[in-house]
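Chemist: Sequence below, structure please.
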Amino acid sequence: MKRTAILWTFLLCLSTARSQIVFADYSDPDVCEGTDGDYWLTASSFQCTPGLPILHSRDLLHWQHVNYAVERLLPVEHYDSIQHGCGVWAPSIRRHEDTYYIYWGDPDYGVFMVKTTDPRGKWETPVLVLPAKGVIDTCPLWDEDGRVYLVNAWANSRCGFNSILTVRELSADGTRVIGQPVMVYDGAVEGNHTIEGPKIYKHDGYYYILAPAGGVEQGWQLALRSKNVYGPYESKMVFNQDGIHQGGWVTDKFLCFQERGAYGRILHLLDVRWKDGWPMMQRSKHDHLKASAHEGYQWHANYQEHFGFKTQNGIRLYSYNTRSAFKNLWEIPNLYLKKFEGETFSDTLHLTVSAKADGGQSGFVVMGRDYCRFSVELSGEQFLLKQITCKDADKGQAEQSQTIGSIPAKKYGAGLRYNYTCNVSFVIHCQPGGLCSFAYSLDRKKYHAIPATFQAREGKWIGAKYGVFSIAPHGTVKGWVDFIFSRRDVPDSKHAGLCWLP
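Modeler: Take a look at the predicted model:
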């Protein structure tokens, strides 16, 4: 029995790997064909900015991150503070008459749209198409007669119900609603609870809505079809393996995601084969790829200039003054973080820490609902290196701290106060399962292993991230940290729209 279970697990892992294309957190992906036979992809970015990552591919297998579509989320006054799990939910990307459109539903504010003629370049300012609460997972369809429709799901957490899909008409330019919503499918009636993430298409005279049901981790993929955009729709399960679902259909492929805990939602590519008028899906036959889109750093809220600035070779991140009742980093908006890049990876971050007041802290963090940070904290005329962990940060739990060493500080006059600085580098090594080990160096030559490992955990709707932080106690003078980009973090200068800082 035990050998059978082990063999089954091995075969399952092997099978899963066959359709996996990018082992990084691209939740709720959608894809469209470009003007040059290429492909463009976007995904949920929630509260992180810049948001709406733009990925490019020539073959649907290898993807490169080339841009973001939005710099700051609206309304600005709301997203300037940390709003975990809010913001951009399940966007759709479409090309119509050589213009690219992205629609998304913000569960608290409504349906937004942003567009461009060049996905690598500047995207226009987002337009609020529909002020609403609870409207999520939106997707447009330009019909042959010039009319435009929008399908969406509903968030129970905001409006008190879910598991239904509605369709309404938009203006010809796609900027406003001109029709009332019509319920076209009730998933609960057929046992397809939590139906969401709909994408709408027209094929051979039928309207097709592809949507997952059953929840993120154990759900399945449905197809709905009708001769009329408002229904009635008949339904069919077209794929049901390992919770792989929700995504975009292009040519004869379906690009979708699978929930993988601390790693977030990784990308898979399924084959689409038509059978009796239904787009049946199966795992692709390509070899497992270890490709990564190499997305850059994002802020945990809307970027504000007092967060920091670009420098010649990286950024300067200024300290965020904590509340007097500060408990943990879950409330800090200026965290500067990036996605995990594969099931196993290593990275090194080089920092120069500066502080003017005792208690000022800067350093390295692996962030999620649980987190681990290495804090370089000014104490007198030296820095203390501390390992600080927090379990259930999202529930307001307090941090646990231990000092693992001290670092000599350089001192120089800076007006009324002295400034204290030191150089420190941190290494993260991630093993399968999200188990992280660490080391640090004071000279970039000799590295000291840190004995304790940390089990990374996902954030709210996003995978674990890692990067830099800087905080100062309530009412004290701010410090800062200068972070030097590694070669893979330097933006491609050929793509002006690609920026880690607005």
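Chemist: Can you pull out the low-pLDDT segments for the stretch 1-150 of the chain?
Modeler: Scanning the stretch 1-150 of the chain for pLDDT under 70 picks out 1-18.
Chemist: quick one: contacts of the helix or strand harbouring Val184?
Modeler: For Val184, the host element (DSSP states H and E) is strand 182-186. Residues from elsewhere that reach strand 182-186, judged by C-beta atoms under 8 Å, 6 or more residues apart in numbering: 151, 163-168, 195, 209, 224, 226, 230-233, 235. Any C-beta I mention is one placed from the backbone N, CA and C, and that applies to glycine too.
Chemist: And for stretch 142-149?
Modeler: Stretch 142-149 is contacted by residues 94, 96, 140-141, 167-172, 174, 200, 202, 229 when judged by C-beta under 8 Å, 6+ apart.
Chemist: try 6 Å this time
Modeler: Stretch 142-149 is contacted from outside by His96, Leu141, Val167, Glu169, Leu170, Gly174, Val229, using C-beta atoms under 6 Å, 6 or more residues apart in numbering.
Chemist: ok, now stretch 349-360?
Modeler: With contacts defined as C-beta under 6 Å, 6+ apart, stretch 349-360 is touched by 362, 364, 376, 378-379, 417, 419-426, 472-473, 476-477, 479-484.
Chemist: distance of the residue located most distally from the centre of the chain from Asp30?
Modeler: In the chain, the greatest distance from the average C-alpha position (C-alpha atoms, centre = their mean) is reached by Leu416, at 42.4 Å. The gap separating Leu416 from Asp30 is 54 Å, by C-beta to C-beta, to the nearest Å.
Chemist: With Gln83 instead?
Modeler: The value you get for Gln83 to Asp30, if C-beta to C-beta is used, is 22 Å.
Chemist: Compare the two (neighbour count), which wins?
Modeler: Asp30 (27 against 18; other C-beta atoms under 10 Å).
Chemist: re earlier: kindly indicate which of the contacts of stretch 142-149 lies nearest Ile266.
Modeler: Nearest to Ile266 among the contacts of stretch 142-149 is Leu141, at 27.8 Å by C-beta to C-beta.
Chemist: Quick check: which element contains the closest one?
Modeler: Using DSSP H and E, Leu141 falls in strand 135-142.
Chemist: Show the contacting residues for Gly277.
Modeler: Gly277 neighbours (C-beta under 6 Å, 6+ apart): none.
Chemist: I meant to write Tyr440 there.
Modeler: By C-beta under 6 Å, 6+ apart, the residues touching Tyr440 are Phe426, His448.
Chemist: Mark which of the contacts of stretch 349-360 are buried, thanks.
Modeler: Buried residues within these, counting neighbours by 16 or more other C-beta atoms under 10 Å: 362, 364, 376, 378-379, 419-426, 472-473, 476-477, 479-484.
Chemist: Inside strands: which ones of the residues you listed?
Modeler: Taking DSSP state E as the definition of strands, the buried ones among the contacts of stretch 349-360 contribute 362, 364, 376, 378-379, 419-426, 472, 480-484.
Chemist: Look up how far Gln246 lies from the spatially closest residue to Ile244 that is not a sequence neighbour.
Modeler: Of all residues not flanking Ile244 in the chain, Gln258 sits nearest, at 4.6 Å (C-beta to C-beta, 6 or more residues apart in numbering). For Gln258, the distance to Gln246 (C-beta to C-beta) stands at 10 Å.
Chemist: Which of these two has more residues huddled nearby?
Modeler: Taking neighbours as other C-beta under 10 Å, Gln258 and Gln246 compare with Gln246 leading, 27 against 21.
Chemist: per-residue confidence averaged over the one helix or strand the more buried one maps to?
Modeler: Under the criterion of DSSP H and E, Gln246 resides in strand 245-250. Per-residue pLDDT over strand 245-250 has a mean of 97.
Chemist: so where do the strands sit in the stretch 401-502 of the chain?
Modeler: Remark: strands assigned in the stretch 401-502 of the chain by DSSP state E, counting those that start in this stretch are 410-414, 417-431, 435-441, 447-455, 465-472, 480-484.
Chemist: Gln312 is nearest to which of these?
Modeler: Of all the strands of the stretch 401-502 of the chain, strand 480-484 sits nearest to Gln312, with 9.6 Å by C-beta to C-beta.
Chemist: what residues does the closest one touch?
Modeler: Strand 480-484 is contacted from outside by 313-318, 350-354, 362, 468, 470, using C-beta under 6 Å, 6+ apart.
Chemist: which stretches of the stretch 51-200 of the chain form helices?
Modeler: Under the criterion DSSP state H, counting those that start in this stretch, helices of the stretch 51-200 of the chain are mapped to 76-79, 156-159.
Chemist: residues of the first one that come out buried?
Modeler: Spelled out, that is helix 76-79. Neighbour counts over helix 76-79 (16+ other C-beta under 10 Å) mark His78, Tyr79 as buried.
Chemist: List the contacts of that helix.
Modeler: So helix 76-79 is in contact with Leu73, Ala301, Asn302, going by C-beta under 6 Å, 6+ apart.
Chemist: One more pass at 7 Å, please.
Modeler: Gln47, Arg72, Leu73, Gly87, Ala301, Asn302 (C-beta atoms under 7 Å, 6 or more residues apart in numbering).
Chemist: quick one: contacts for Tyr207?
Modeler: Applying C-beta under 7 Å, 6+ apart, we find Tyr207 in contact with Ile200, Arg225, Ser226, Val229.
Chemist: Give me the domain ranges for this structure.
Modeler: Per the record, the chain has its domains at 28-251, 314-484, by automatic domain parsing.
Chemist: What backbone torsions are found at the most centrally placed residue in the chain?
Modeler: In the chain, the centroid-proximal residue (C-alpha atoms, centre = their mean) is Ser45; its distance is 4.0 Å. Backbone torsions of Ser45, given as degrees, to the nearest 10, read phi -120, psi 0.
Chemist: Hmm, His65 and it touching each other?
Modeler: No: applying C-beta atoms under 7 Å, one finds Ser45 not in contact with His65, separated by 11.8 Å.
Chemist: Now for those two: what residues contact both?
Modeler: Shared contacts of Ser45 and His65, defined by C-beta under 7 Å, 6+ apart, comprise Pro53.
Chemist: related to what we said a few turns ago, give me the pLDDT for the residue farthest from the centre of the chain.
Modeler: On the pLDDT scale, Leu416 is placed at 78.
Chemist: where's it relative to Ala464, distance?
Modeler: Leu416 is 41 Å from Ala464, where distance means C-beta to C-beta.
Chemist: and if you look at Gly396?
Modeler: Using C-beta to C-beta, we find Gly396 at a distance of 19 Å from Ala464.
Chemist: Ala43 too?
Modeler: Going from Ala43 to Ala464 by C-beta to C-beta gives 16 Å.
Chemist: coming back round to it: under a three-state scheme, what state does the residue nearest to Ile244 occupy?
Modeler: strand (DSSP: H, G, I helix; E, B strand; the rest coil).
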